[in-house]
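Peer 1: next one to model:
(chains A and B)
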Amino acid sequence: MESLGVLLTLPMNPYLEAELHRRCHLFRLWESPPARRKDFLRANAPSIRAVVGNAFVGADAETIDALPRLEIVASYSVGLDKVDLARCRERGIRVTYTPDVLTDDAADLAIGLSIATLRRLFDANRYVRAGSWKAKGDYKLTSRFSGKTVGLLGLGRIGLAVAKRAEAFGCPICYHSRTRKPNVNYKYFPSVLELAANCDVLIVACSLTEETRRIINRGVINTLGPKGVLVNIGRGPHVDEPELISALVEGRLGAAALDVYEHEPDVPEELFRLENVVLTPHVGSATWETRKAMADLVLGNLEAHVLNKPLLTPFL
Amino acid sequence: MSAENHSEETPAEEQELPLVLVLRPIFPHFHDALATKFRFLKPWESPLPRDEFLAAHAGAVQALLCPGPTPVDAQLLAYLPRLELVVASSAGVNHIDVAACRRRGIAITNAGNAFTDDVADYAVALLIDVLRKISASDRYVRRGLWPIKGDYPLGRKLGGKRVGIIGLGSIGSAVARRLDAIGCTILYHSRTKKPSVSHEFFSNVTDLAAESEVLIITCALTAETHHIVDKEVMLALGKDGIIINIGRGALVDEKELVRCLMEGEIGGAGLDVFENEPAVPQELFHMDNVVLSHHQAVFTPESFHGLLKVVMGNLEAFFSNRPLLTPISE
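Peer 2: Below is the predicted model:
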């Protein structure tokens, strides 16, 4: 696919970048300063037929409009909230993503974050490393994870994978999603508010759309309550972030584990002081094994497109 | 087992609650619950040194409650000629001279399964933390480094990893069940092969380590298992290997562990226990591939509640001549 002009939006994976450079005609969006970006796109538009973006910088309307020869957006992510899907539909642009290969990692992280939050693992680490452990039998009680009711917001691939794991810990499972899922034994709640009222740990695992923006709002947070735990492995904008922070500080919400934020990589500093939070820098799929699999999917999709074969993981 | 009440009894007098010796203060919640059914002999409330107190007052004591890991050794037992039961408040009984108790016909009960879920959860949390760098990347975020230095280095996937469990008792089995759902392949070593278990058995820990990418230590500390994870085992585990210890510090050769971590001979560790608590080797403090905690795997209200039920249940059973709930296996 040497003739395929590919616009890579960010340095997201050295292997992917090297392969794109080797096999395609690669344009690196970040090599032009932000102020000159429009010029960069205009200058290279005649050559660019593919965009590879990720969860941070995808293909918004402005970018798509600037690329009249764009045929395919191959996202290095499973979330497509940074791709203007309506625009792609209008123009007949194909869109691929990376489902399945990152499901396990995302689910493992959700479980790890849940236990780490309830058991205050970060705090224990900090305590020991500060040299504060001076007496045996020095302890604080932290809350058990096994047997707690886990509420899943979204029961897609990732939600189901979290549920399967949580069941091994004896956790009753309930969920809310747009529609009730057939062939599933878990208890369904028709609203996120009812879900929050009936679970101990609420895990956000749905996609970000106009309907789910700020779906975790003050009402949901208050309902989850002073003993409740929120785990967000979805997207930052799923949660009303300022409201979440004040709830954590005031004790209206028990604890939270966040892998995603409204304005990554900026994380509100008020969170840094809190001991009832765990903060990870968007690492849901951040393992060597999975990132390689994601890169191979992107490359495989681009190759299939160029060879006019069925795309491996099309969304559009 | 005698349920004889040793206090003076006349038909007119109320029968006194059974007497239990305690060597150090118990959690108030426990104390109050147990005080409804038992009387306590509390040496620390006396101005006499402990041994003198015991010599003077503990001659008739039949039951000893051990909150925390106070040693129960032959020297202590010598002051308790009528002792028939030691109630431990932990799963591990390595602080009790089991052989001396056996010789005297003294029964020992432990925490049974009160802690199993919490300890198993903790082992899994430590493993996910080490492989996915949860605590390390949390520190990175809180130092404000994400906008400055970019994404944190990649972690490693749990699914498909070969996990060797040393000791497949209740806790080991509970860990196996959880990691199985996560997609790990479980291997194990135990004193004897378990016929009802389908996971691959290794009679030798070094062989287990050679076939594993992760070792999780969930066995009891005894003379045989002291330093069961030694230099040979660590080298067999290899450069990417992870060690998770939620058993006892002395199950691992700690000096060797620190050396292997410093020299990159193993890949990382998650440790809740250490050889000389509360001392933790300071070399570990700067390592991002190591997760540390202060022996807190069991400290949840749920475990404590479960422990209280077991302790109460064992004492009640003893004093009413019924079978003990959680006697330790020989």
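Peer 1: near chain A, which residues of the stretch 151-300 of chain B show up?
Peer 2: For the stretch 151-300 of chain B, the contact set with chain A under C-beta under 8 Å from any C-beta of the partner chain comprises B:151-152, B:154-159, B:177-178, B:180-183, B:277-278, B:280, B:282, B:285, B:291-296, B:299-300. Just so you know, the C-beta spots here come from the backbone N, C-alpha and C atoms, and that holds for glycine as well.
Peer 1: for burial, what's the neighbour tally of residue A:185?
Peer 2: Other residues within reach of residue A:185, judged by other C-beta atoms under 10 Å in any protein chain shown, total 8.
Peer 1: equivalent analysis for the one 4 residues further on, please.
Peer 2: The criterion is other C-beta under 10 Å. On that basis, residue A:189 has 20 neighbouring residues.
Peer 1: can you pull the contacts of it?
Peer 2: A:151, A:174, A:175, A:176, A:195, A:198 (C-beta atoms under 8 Å, 6 or more residues apart in numbering or on different chains).
Peer 1: name the SS class of the residue lying closest to the first one once chain neighbours are set aside, please.
Peer 2: Distances taken as C-beta to C-beta, 6 or more residues apart in numbering or on different chains put residue A:199 closest to residue A:151, at 2.9 Å, once the chain neighbours are dropped. The local conformation at residue A:199, judged by DSSP: H, G, I helix; E, B strand; the rest coil, is coil.
Peer 1: residue A:199 contacts residue A:174, doesn't it?
Peer 2: Yes. Under the criterion of C-beta atoms under 8 Å, residue A:199 makes contact with residue A:174 at 5.8 Å.
Peer 1: okay, and the common contacts of the two?
Peer 2: The overlap between the contact sets of residue A:199 and residue A:174 (C-beta under 8 Å, 6+ apart) consists of A:149, A:150, A:151.
Peer 1: tell me which parts of the stretch 1-150 of chain A are close to chain B?
Peer 2: Within the stretch 1-150 of chain A, the positions lying close to chain B (C-beta under 8 Å from any C-beta) are A:104-105, A:108-109, A:111-113, A:115-116, A:119, A:121-122, A:124-125, A:127-129, A:131, A:133-147.
Peer 1: so for the least confident helix or strand in chain B by mean pLDDT, what gets flagged as buried?
Peer 2: Using mean pLDDT, DSSP states H and E, helix B:28-35 stands out as the lowest-scoring helix or strand of chain B, at a mean of 91. Buried residues in helix B:28-35, defined by neighbour count with 16 or more other C-beta atoms under 10 Å in any protein chain shown: B:30, B:33, B:34.
Peer 1: ok, those vs chain A, which is closest?
Peer 2: Of all the buried residues of helix B:28-35, the one with the least separation from chain A (C-beta to the nearest C-beta) is residue B:30, at 12.9 Å.
Peer 1: just checking, that closest one touches residue B:311?
Peer 2: Yes. With contacts counted by C-beta under 8 Å, residue B:30 reaches residue B:311, the gap being 7.3 Å.
Peer 1: pLDDT weak spots in the stretch 101-250 of chain A?
Peer 2: Across the stretch 101-250 of chain A, the stretches falling below the confidence threshold (pLDDT under 70) are A:137.
Peer 1: quick one: the helices in the chain?
Peer 2: Using chain A here. A:14-23, A:37-44, A:61-65, A:85-91, A:103-118, A:121-129, A:157-167, A:192-197, A:218-224, A:241-250, A:288-306 (DSSP state H).
Peer 1: chain B was what I was after
Peer 2: Defined through DSSP H, the helices belonging to chain B, from first to last, are B:28-35, B:50-57, B:74-77, B:98-104, B:116-132, B:134-142, B:146-149, B:170-181, B:205-211, B:231-237, B:254-262, B:301-319.
Peer 1: which strands or helices does the third one pack on?
Peer 2: If I follow you right, that is helix B:74-77. Using 3 or more C-beta pairs under 8 Å, 6 or more residues apart in numbering or on different chains; DSSP states H and E as the contact criterion, the secondary-structure elements in contact with helix B:74-77 are helix B:98-104.
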